[in-house]
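**Q** Build me a model from this:
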Amino acid sequence: MTRPDTPPPPDIDPGDPRWRPTPTKVVVVGILLIAIVVPLLVSTYARIEPRLFGFPFFYWYQLAWVFLAAGLCALSFLLLKREHDAYARSHPRGEQESAE
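**A** Down below sits the predicted model:
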C-alpha cells in the first residue's frame, strides 16, 4: 500500500486520463447513477396501470430497466474507450520507449 506522500511509480503518466477526472468521466458517472438509482425509486413503478400485454406496469417497467441499464453500461464503456483511444493516439508508447 502506498502512502499519500509517496510519488507515483515511474511508469504512470500523471497526464493519463485514467488517473484524473475528465468531463467524459463525469458524464459516465451520471449515466451509471441513472441506471442504478432510477430503478430503486419505488414511486416510479408503484402502480398497476398501464398494462402491457396483460402484465402490470411494475413487471414490465423493471424488465425494461434491465435492458436500459445494459445499454447505459455499454454507452459508458464506449465513452471511456473513446477517451482512452484518443489519449493513446496522441501519446504513442513507441515515442516514450525510444526516449529512454
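
**Q** Distance from stretch 29-41 to the middle of the chain?
**A** Stretch 29-41 has its C-alpha centroid displaced from the chain centroid by 11 Å (C-alpha atoms, centre = their mean, to the nearest Å).

**Q** average model confidence for that stretch?
**A** Averaging pLDDT along stretch 29-41 yields 93.

**Q** ditto for stretch 44-52
**A** Stretch 44-52 shows a mean pLDDT of 85.

**Q** CA atoms only: put that stretch into CSV for me.
**A** Provided in CSV are the C-alpha atoms of stretch 44-52 (Å, rounded to 0.1, in the frame of the first residue of the first chain):
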residue,chain,number,x,y,z
THR,A,44,-41.7,5.4,-10.3
TYR,A,45,-43.2,1.9,-10.5
ALA,A,46,-45.6,1.5,-7.6
ARG,A,47,-48.7,1.1,-9.7
ILE,A,48,-50.5,-1.5,-11.8
GLU,A,49,-51.6,0.6,-14.8
PRO,A,50,-50.7,0.9,-17.7
ARG,A,51,-50.6,-2.8,-18.6
LEU,A,52,-48.5,-4.2,-21.4
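
**Q** So which bits of it are buried?
**A** Y45 (16 or more other C-beta atoms under 10 Å). Every C-beta, even on glycine, is put in place using the N, C-alpha and C of the backbone.
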